[in-house]
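Trainee: Sequence and predicted structure, then a few things I'm wondering about:
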Amino acid sequence: MDTPICFVGLASPSLFTLSSSSKLPEMTSTFQRNSNSFMKSKKSTRTFSHSLIKSAISQSIESVHPIEHDSDSDENIEVVIHTETYGCAMNIADTQVIHSLILSEFSSFSDKITLKFTENESEATVFLINTCAIREKAEIKVIQRLKYLNTLRNRRLSTDPPQIICVLGCMAEHMKKELLDPSPLSQLFTKTTKKTTNSNQNHRLADIVLGPDSYRALPFAILNALCYRDSFSSSYNVQLSTEETYADVAPVRKLHSKDGDVSAFVNVMRGCDNACTFCVVPRTRGRERSRPMDSIVSEVQQLSHEGFKEVVLLGQNVNSYNDLSVSAEQNSMNERKVIKYSSEGFSSRYGQKDAGKTFAELLWKVSEIDDEMRIRFTSPHPKDYPMELIEVMNSRNNLCKQVHVPLQSGSTLVLDRMKRGYSREVYIELVESLREQIPNVALSTDIICGFCGETEKEFEETIELMKKVQFEQAFLYAYSERDGTPAAKFLIDDVNEDVKQKRLSRMIEVFHECARTKNEIEEIGRNHLVLIDGEASKRIGYLSGRTDTNKRVIFKGHSALKAGDYVEVQIQKSSSLTLTADFIKKSSIKQFFKTSQNITMNPILL
């Protein structure tokens, strides 16, 4: 019989089902006696359960090994981790947090465990699959990958080290039942052989399933699975938190040589409160919560010290960042402030919120840290571009002049069904304001076609708006219904799949046509400051980098140039997505913008 054990993370209790063992009777009874008090007291839970778990696992490791060997041998348990990350930049950043947590916790058992990260899947004893649930296609891709990994695992000999498959992130929350249940669907993805390591694992796709707010429990779940492999069932926690931001975790950004040392992702907030009808993010990532500003500033300072040349601030709704960590006493001394929106035409489904330290303030503070470090951010919502944020973006040369403004649809009626909180006309006004206030700004967007009830006329409104705005970059998708979203519950996905794909092809064609024409007119002969990020993938002898408007540039390499260098180039040729340039000279942000007349005082204080 399985015994419920309470593993506790920093922000909220994490419930796992662990196989009972004679090695844990005292620990099990202690947890059962104190389970109610654990739930009520986060602080005591953190300290008490953490030490108990470490103690119990340490004792278990002394007597249990994944591979049978001579009892006199000094061989440690070898944990070889292979990581795969799917989806957005937030998932990449989360993977770096996960690696940090594993390294930190496993260091406590360094005398008993040998930890190694590998890119070779055949060496791995633990697979970490960090997943995306934003579209059905992303989930299908991961399911097929899990099918393959299970096939490999079931071909292993009984003398081989056991393999543990961990599914993490948004898909873990969205598809927990399908991943863990020994259902007929899961059985299709495994082929039982006579030489499997653990027959209990043959009928499920994953052994450990953890949502985005439960990563702190992962090291203990892995150790439990390895120590009690013969009786191990499964571990899971997909509970969402209203507090967890991993602000105290220093991400590991250089585990492999290919990770590079030019650009770094920094999570500043998690979750989303917008509740757009098509979007699964509120369900998989939870409510909005922001990291304390001081912790972000400290992390960016450290990145500057380590030599990073670009920082990308991340959040599901990054420009709604709202640090409320100031004390109640401080708040009582000030007049109440509320969140400002882009203009009166934008609305929110959650009403007015108290304003703490805003995204404009955060952007200004991090831009002051290092004048030679570029600052970008993604992904925002159009409603959260108040004038003070636009002014800050135009006030510092190291704040990149590229703005992501997700449109989703060019039809007001469709936008209303999506519950986006703005009309076509209001969106156009915002775009015009951005281009007026930030000279030479580049705009990118997200657009969905084929949303519930979208007519041909409504789709043509999207095409017309694309032609009018002429986005420099666009992420274009056909609508994919997601279980649990308001659209799946209350609307009908009635646009034929063939029609969706035809509309998607049309959007892609229009985007490339507009971007190609815009680049030919505006970019040829223009000088840019480019941050080199490596060799061009398709041109031997060429280097590749990006402008501060986030356009890809390739140019003939030079022996003295390397990733992380700033260079001035002049554009000679262009396509819709890539600019080809001539190298002029090495440069810097300060040198390139030396004639700039940009504001030097914080516009928030003006």
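Mentor: Nice, I can see it.

Trainee: All the strands of the stretch 201-350 of the chain, in order from the start?
Mentor: Shown for the stretch 201-350 of the chain, the strands assigned by DSSP state E, counting those that start in this stretch span residues 208-210, 235-237, 263-267, 269-270, 289-290, 310-314, 322-323.

Trainee: Out of those strands, which one sits most buried?
Mentor: The highest mean neighbour count among the strands of the stretch 201-350 of the chain, using mean count of other C-beta atoms under 10 Å, belongs to strand 208-210: a mean of 29. (Glycine included, C-beta is placed from N, CA and C.)

Trainee: helices or strands up against that one?
Mentor: Judged by 3 or more C-beta pairs under 8 Å, 6 or more residues apart in numbering; DSSP states H and E, strand 208-210 is in contact with strand 164-169, helix 176-180, helix 218-227, strand 235-237.

Trainee: Can you list the buried residues in the second one?
Mentor: Residues of helix 176-180 classed as buried: 176, 178-180 (neighbour count, 16 or more other C-beta atoms under 10 Å).

Trainee: pLDDT and distance to Gln239 added to those, as TSV?
Mentor: Below are the buried residues of helix 176-180 laid out as TSV (pLDDT from 0 to 100; distance: C-beta to C-beta, whole Å):
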residue	pLDDT	distance to Gln239
Lys176	85	11
Glu178	86	18
Leu179	90	16
Leu180	85	15
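
Trainee: Which of those sits closest to Glu361?
Mentor: Glu361 has its nearest neighbour among the buried residues of helix 176-180 in Lys176, at 38.1 Å by C-beta to C-beta.

Trainee: from the buried residues of helix 176-180, which is closest to Met387?
Mentor: Once C-beta to C-beta is applied, the member of the buried residues of helix 176-180 that ends up nearest Met387 is Lys176, at 43.4 Å.

Trainee: The closest one contacts Asn237, correct?
Mentor: No: if you go by C-beta atoms under 8 Å, Lys176 and Asn237 don't touch, sitting 9.3 Å apart.

Trainee: most centrally placed residue in the chain?
Mentor: Taking C-alpha atoms, centre = their mean, the centroid of the chain lies closest to Met90, which sits 1.0 Å from it.

Trainee: returning to that earlier point: need the buried residues of helix 176-180 in CSV with distance to Asp323, can you?
Mentor: CSV is the format used below for the buried residues of helix 176-180 (distance: C-beta to C-beta, whole Å):
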residue, distance to Asp323
Lys176, 32
Glu178, 37
Leu179, 35
Leu180, 37
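
Trainee: give me every residue that touches Ala560.
Mentor: Contacts for Ala560 (C-beta atoms under 8 Å, 6 or more residues apart in numbering) come out as Lys586.

Trainee: An error on my part: the question was meant for Tyr479.
Mentor: Contact analysis of Tyr479 by C-beta under 8 Å, 6+ apart lists 278, 448-452, 454, 493, 495, 500.

Trainee: Any quick PyMOL command for the buried ones out of these?
Mentor: The buried residues among those can be selected in PyMOL (16+ other C-beta under 10 Å) with this line:
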select buried, resi 278+448+449+450+451+452+454+493+495+500
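
Trainee: Mind checking which of the contacts of Tyr479 land in strands?
Mentor: 448-449 (DSSP state E).

Trainee: ok, so of the contacts of Tyr479, who is nearest Leu168?
Mentor: For the contacts of Tyr479, the residue nearest Leu168 by C-beta to C-beta is Phe278; the value is 23.9 Å.

Trainee: from memory that closest one sits against Ala487, does it?
Mentor: Yes: the pair Phe278 and Ala487 qualifies as a contact (C-beta under 8 Å) at a distance of 4.9 Å.

Trainee: got any residues that touch both of those two?
Mentor: Contacts common to Phe278 and Ala487, judged by C-beta under 8 Å, 6+ apart, are 418, 451.

Trainee: which one among the buried residues of helix 176-180 gets closest to Leu314?
Mentor: Lys176 (24.8 Å).

Trainee: ok, that closest one - contacts?
Mentor: Taking C-beta under 8 Å, 6+ apart, we find Lys176 in contact with 209, 236, 238.

Trainee: Could you tell me which ranges of the protein sit under the pLDDT cut-off?
Mentor: Residues of the chain that meet the criterion pLDDT under 70 lie in 1-75, 182-203, 229-231, 255-260, 326-336, 342, 595-606.

Trainee: Kindly format the C-alpha coordinates of stretch 155-164 as PDB.
Mentor: Output in PDB follows, covering the C-alpha atoms of stretch 155-164 (Å, rounded to 0.1, in the frame of the first residue of the first chain):
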ATOM      1  CA  ARG A 155      14.700  -2.500 -23.800                       C
ATOM      2  CA  ARG A 156      17.200  -2.100 -21.000                       C
ATOM      3  CA  LEU A 157      18.600  -5.100 -19.200                       C
ATOM      4  CA  SER A 158      17.800  -5.800 -15.600                       C
ATOM      5  CA  THR A 159      21.400  -5.100 -14.700                       C
ATOM      6  CA  ASP A 160      21.300  -1.600 -16.200                       C
ATOM      7  CA  PRO A 161      20.700   1.400 -13.900                       C
ATOM      8  CA  PRO A 162      17.000   2.200 -13.700                       C
ATOM      9  CA  GLN A 163      15.700   5.200 -15.600                       C
ATOM     10  CA  ILE A 164      13.300   7.800 -14.200                       C
END
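
Trainee: I'd like the numbering to begin with 11 instead of 1 from here.
Mentor: Yes, from this point I'll number from 11; that puts the last item at stretch 165-174.
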